[in-house]
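Asks: here is my input, please return the structure:
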Amino acid sequence: MGKKEIKLKGNLETVKTAEYLIDLATSLKAGDVYIQKGGEFVSLKPGAVVDFEIEAVKKKHKEKLVIEISWHTDGKDEFGGDEMKISSPDLKEAK
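Replies: Below is the predicted model of the structure:
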């Protein structure tokens, strides 16, 4: 099978970005991620364990959050990650 790829890049309102991330999280939980742009699409089936990388960078005039999720389709992944928490200060205080 050949390589199939879709890239989405651009400026979005923060609320719309959050909606995409919620849709992604829902799809990951369901075990089937379907991404479509125009007439093109990629359908992915994540394994029970994924490689997860998150990087948060704060500089003087720019902040960046990079998230990478990958997995092997041969089922050879093993869980070995540390527990992590993601929240906003308001959510943290509410708990």
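
Asks: any idea how far the residue lying farthest from the centre of the chain is from residue 71?
Replies: Most distant residue from the mean C-alpha position of the chain: residue 60, 25.7 Å away (CA atoms, centre = their mean). The gap separating residue 60 from residue 71 is 36 Å, by CB to CB, to the nearest Å. Quick note: C-beta positions are derived from backbone N, CA and C, even for glycine.

Asks: for the residue farthest from the centre of the chain, helix, strand, or coil?
Replies: coil (DSSP: H, G, I helix; E, B strand; the rest coil).

Asks: roughly how far does it sit from residue 14?
Replies: For residue 60 relative to residue 14 (CB to CB), the value is 21 Å.

Asks: confidence score at the closest residue to residue 51 other than its chain neighbours?
Replies: Leaving aside its sequence neighbours, residue 51 sits nearest to residue 70 (CB to CB, 6 or more residues apart in numbering; 4.7 Å). At residue 70, the model reports a pLDDT of 93.

Asks: show me the helices in the protein, by range?
Replies: Assigned by DSSP state H, the chain shows helices spanning 14-30, 89-94.
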